[in-house]
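Peer 1: Fold the following for me, if possible:
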Amino acid sequence: MIQISTSACAPWDRSRYWHDAIAAAYFPLDLHFRSPESFAGDLNEWPLGDVSLSRLVSEPLRYRRLPHHFQGEREEYFLITIPVRSEVFFSQCGKEVRCRPGGLLVERSHEPYIFSHDQAADLWVMKISAAALAGRIRRPDRFCSMQFDATRGSGALFCDVLGILPRRLEGMSAELRATVGRQLVDLLVLALKEDERTLTSGGSAVRAAHLLRIEAFVRDRLGDADLDPETVAAACDISTRYLHELFRDTNHTLGSWIRDQRLETCRAALADPLRKQTVAEIAYEGGFSDQAQFTRAFKNCFGVPPREYRERTLRDSVRRR
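Peer 2: This next block holds a predicted model:
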């Protein structure tokens with residue numbers, strides 16, 4: 001666990017210290033303090049493989065994410081924020097929302113935003129890469145500036161697990177913490193999908209229902225290298241032409257979307273220290289029949305070849321122990 005507190009700082013140094021702490025835990029932001037020299041804040045962070053979980057308690061504050069903060073940044077992230085105490089305000093992409101305890105927010109790192117609270121706040125924050133989240137749910141960016149219910153169903157279960165985790169993580173290995181992180185993302189996705197707006201946002205209910213059915217079918221068969229539009233259309237009882245029309249609305253072709261899902265599945269497997277298969281075996285299980293093609297596609301997507309990615313993540317995992 002990483003623990004950060006302004007209590008040990010000189011009053012004149014607290015605002016700078018908190019700026020640096022927030023940038024290290026999440027990403028760079030502009031901060032506006034009501035009273036910089038009397039500001040108090042505490043942040044606890046738990047790395048969970050590709051996910052980080054943090055508990056943030058602070059005096060009133062306003063955070064701004066501006067275009068210059070993410071220009072040149074390759075990887076995009078999402079923050080899932082759950083207020084425990086006090087209402088928070090969030091504005092992004094022309095939408096504004098006030099979220100009270102009992103709700104959760106989705107924030108996107110590669111769009112400007114404002115996040116603020118006028119009272120002392122206590123927040124859970126989960127950070128996850130856009131690639132990892134998009135591998136589990138279509139177009140997660142459409143959920144920005146939407147408040148989700150965290151008092152019942154999967155949302156309540158997700159929040160219950162957040163409250164339990166810090167007491168259980170201390171004795172866990174890095175491998176087990178990474179597994180917990182993946183399961184936490186799965187719980188989040190269940191909470192998002194449970195909301196009826198997930199079905200209707202970004203299109204009509206009928207078209208969105210077709211897309212959800214297509215996504216479920218494809219994810220169950222990513223390992224089939226021969227998966228093609230005709231097979232998907234027939235299984236979902238729609239025409240191939242209509243299938244392509246549905247994906248035209250998502251700014252993806254079916255082929256590019258399947259490739260992205262396969263790459264994310266392989267990336268997660270390569271990052272899992274419990275997976276002992278070779279890179280070639282993981283590629284084959286993910287639906288890639290051509291090793292050279294897989295290596296090129298993986299490097300184009302994630303910036304490094306799959307073997308180097310695996311070695312790097314394993315080194316990082318050992319370092320975090």
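
Peer 1: Surely residue 44 is in a strand?
Peer 2: Yes. The assignment for residue 44 by DSSP: H, G, I helix; E, B strand; the rest coil puts it in a strand.

Peer 1: Could you give the bridge partners of it?
Peer 2: residue 3, residue 55 (DSSP bridges).

Peer 1: how much space between the residue lying closest to residue 15 once chain neighbours are set aside and residue 13?
Peer 2: Counting by Cβ to Cβ, 6 or more residues apart in numbering, residue 15 lies nearest to residue 36, which is 4.1 Å off, once chain neighbours are set aside. Yep, even glycine has a C-beta here, placed from its N, CA and C like the rest. The spacing between residue 36 and residue 13, counted by Cβ to Cβ, to the nearest Å, is 10 Å.

Peer 1: what's the answer for residue 235, then?
Peer 2: 61 Å.

Peer 1: quick check: domain ranges of the protein?
Peer 2: Taking automatic domain parsing as the criterion, the chain consists of the domains 2-197, 205-320.

Peer 1: export these to TSV and tack on mean neighbour count?
Peer 2: Shown next, in TSV, are the domains of the chain (neighbours: other Cβ atoms under 10 Å):
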stretch	mean neighbour count
domain 2-197	17
domain 205-320	16
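
Peer 1: Can you tell me the centre-most residue of the protein?
Peer 2: When Cα atoms, centre = their mean is applied to the chain, the residue found nearest the centroid is residue 128 (3.1 Å).

Peer 1: And the average pLDDT for the strand or helix carrying that one is what?
Peer 2: Element membership of residue 128, judged by DSSP states H and E, is strand 121-129. What strand 121-129 shows for mean pLDDT is 94.

Peer 1: Using CSV, list the CA coordinates for it.
Peer 2: C-alpha atoms of strand 121-129 as CSV (Å, rounded to 0.1, in the frame of the first residue of the first chain):
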residue,chain,number,x,y,z
ALA,A,121,-14.9,14.5,0.9
ASP,A,122,-14.1,10.8,1.2
LEU,A,123,-13.8,9.0,-2.1
TRP,A,124,-13.0,5.6,-3.5
VAL,A,125,-11.3,5.9,-6.9
MET,A,126,-10.5,3.0,-9.2
LYS,A,127,-8.1,3.6,-12.2
ILE,A,128,-8.2,1.3,-15.2
SER,A,129,-6.7,1.6,-18.7
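
Peer 1: which helices and strands does it pack with?
Peer 2: strand 51-58, strand 77-85, helix 153-168, helix 174-194 (3 or more Cβ pairs under 8 Å, 6 or more residues apart in numbering; DSSP states H and E).

Peer 1: Can you list the low-confidence ranges for the stretch 51-200 of the chain?
Peer 2: 195-200 (pLDDT under 70).

Peer 1: If we use 80, what do you get?
Peer 2: 134-142, 145-146, 171, 193-200 (pLDDT under 80).

Peer 1: go on, the stretch 201-321 of the chain?
Peer 2: 201-212, 246-252, 314-321.

Peer 1: sorry, back to before: any idea how far the residue nearest to the centre of the chain lies from residue 108?
Peer 2: Taking Cβ to Cβ, one finds residue 128 at 11 Å from residue 108.

Peer 1: what is in contact with these two at once?
Peer 2: Shared contacts of residue 128 and residue 108 (Cβ atoms under 8 Å, 6 or more residues apart in numbering): residue 78.

Peer 1: picking up where we left off before, identify the bridge partners of the residue nearest to the centre of the chain.
Peer 2: Where residue 128 sits in a bridge, its partners, by DSSP bridges, are residue 78.

Peer 1: From what I see, it and residue 50 are in contact.
Peer 2: Yes. Applying Cβ atoms under 8 Å, one finds residue 128 in contact with residue 50, separated by 7.0 Å.

Peer 1: Quick one: the strands in the chain, in order.
Peer 2: 2-5, 30-33, 41-48, 51-58, 61-65, 77-85, 88-92, 95-99, 103-108, 113-117, 121-129, 147-149 (DSSP state E).

Peer 1: which outside residues touch the fourth one?
Peer 2: The reference is to strand 51-58. 18, 25, 39-46, 120-128, 132, 162, 165-166, 181-182, 184-185.

Peer 1: make it 6 Å
Peer 2: 25, 41-46, 122-128, 181 (Cβ atoms under 6 Å, 6 or more residues apart in numbering).

Peer 1: How far off centre is that strand?
Peer 2: 14 Å (Cα atoms, centre = their mean, to the nearest Å).

Peer 1: and what of the shortest one?
Peer 2: The offset between the C-alpha centroid of strand 147-149 and the centroid of the whole chain comes to 16 Å, using Cα atoms, centre = their mean.

Peer 1: Each with direction, which strands does it pair with?
Peer 2: When DSSP bridges is applied, strand 147-149 pairs with strand 103-108 (antiparallel).
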